[in-house]
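> below is the structure, and that's it, no one-letter string:
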């Protein structure tokens, strides 16, 4: 923990809170997608095969090319032989991602999120603001690699992906009278809007002992913003717009803030004092934002006569 935060009065109450929303963080990614990075790097064993014509390219150009490949494809290339594995593992961006965010790599490979490349993911993780508001975006929407906060991904229509049936309704052929006219699904697949293939499991905010709503099958989910011309064109479910809709959680994973050129990460912190006063307790803060929040609302202290409940004191 950073020493600057430890010196603050009441720091003990600015901590990570175990809030479980049943996103991809809870999808048993280590079991479903184990990574073998570092297991086959014995330099004493000579390489038997090359990477073909790729080995003839200058190192700078080769790195630039590989950084622009989507991670599922990069993972498949890495499995070709030990030389390909060596090339991928030497990529600066990929190396940082695997070191600090292995579960994000596992999630991307597991749900086949292939609409963005390795470099885009690195640059997105090097930012901290939600893509649609000014809060810290402590999650990633993996359909198109955007930072998002809890409030936006549970409430904004653009983070509510479409099923194949819903998305294909926006791709109709003008040649319906022709015998060989393409179907709406064929047009959708040809257009290739950003999409993922969900994992079976329990998703959305836990209710009761089941721990979320169970999704038994894998389904293809399409980015609503890329398919729908206006986000108001499709009505959201009347009774299930936010925390009870599994589709909102199937492409969401926790995303810390990457800083110092990949040397450090900031996972962010919740403020216990905000449970009772000022702002919502689900807002997360980076270290710098937490210091500013503390200066504005005061240190956190236990409420008089209510043991175990905390609030902000008068700002210092």
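Alright, I've got the coordinates. Small disclaimer: the values here were computed from a predicted structure and weren't measured.

> helix or strand right after the longest helix anywhere in the chain?
Scanning the chain for the longest helix, with DSSP state H as the assignment, gives helix 287-297. Remark: after helix 287-297, the chain's next helix or strand is strand 300-302, criterion DSSP states H and E.

> report the buried residues of that following strand.
Going by neighbour count (16 or more other Cβ atoms under 10 Å), the buried part of strand 300-302 is residue 300. C-beta: built from backbone N, CA, C; applies to glycine.

> could you chop this protein up by domain?
1-16+268-316, 17-39+49-267 (automatic domain parsing).

> can you put the ones you listed in JSON lines and add mean pLDDT?
Formatted as JSON lines, the domains of the chain follow (pLDDT from 0 to 100):
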{"stretch": "domain 1-16+268-316", "mean pLDDT": "69"}
{"stretch": "domain 17-39+49-267", "mean pLDDT": "86"}
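
> show me what the longest helix of the chain is packed against.
If you count contacts as 3 or more Cβ pairs under 8 Å, 6 or more residues apart in numbering; DSSP states H and E, helix 287-297 packs onto helix 3-6.

> for the helix or strand following the helix it packs on, packing partners?
Later in the chain than helix 3-6, the nearest helix or strand by DSSP H and E is helix 29-32. If contacts are counted by 3+ Cβ pairs under 8 Å, 6+ apart, helix 29-32 sits against helix 102-110.

> buried set for the helix or strand just after the helix it packs on?
Counting by DSSP H and E, the next helix or strand C-terminal to helix 102-110 is helix 118-125. Of the residues in helix 118-125, 118, 119, 120, 121, 122, 124, 125 count as buried by neighbour count, 16+ other Cβ under 10 Å.

> what is the neighbour count of residue 155?
If you count neighbours by other Cβ atoms under 10 Å, residue 155 ends up with 16.

> distance check, it against residue 148.
10 Å (Cβ to Cβ, to the nearest Å).

> can you check residue 172 too?
Counting by Cβ to Cβ, the gap from residue 172 to residue 148 is 30 Å.

> these two: who's more crowded?
residue 148 (23 against 14).

> pop out the phi and psi values for that one.
Dihedral pair for residue 148: phi -150, psi 150, per degrees, to the nearest 10.

> quick check: the gap between it and residue 131.
Taking Cβ to Cβ, one finds residue 148 at 6 Å from residue 131.

> what's the answer for residue 31, then?
Distance of residue 31 to residue 131, given as Cβ to Cβ: 31 Å.

> between these two, who's got more neighbours?
Per other Cβ under 10 Å, whichever of residue 31 and residue 131 has more neighbours is residue 131, with 18 against 8.

> helix, strand or coil for the more buried one?
Classification of residue 131 using DSSP: H, G, I helix; E, B strand; the rest coil returns coil.

> please name the nearest non-neighbouring residue to it.
residue 146 (4.3 Å; Cβ to Cβ, 6 or more residues apart in numbering).

> check residue 116 too.
residue 145 (4.1 Å).

> list the contacts for the spatially closest residue to residue 107 that is not a sequence neighbour?
Distances taken as Cβ to Cβ, 6+ apart place residue 24 nearest to residue 107, at 4.5 Å, with adjacent residues excluded. Residue 24 sits next to 103, 107, 110, 111, 142, 199, 249, 250, 251, 252, 253 when contact means Cβ atoms under 8 Å, 6 or more residues apart in numbering.
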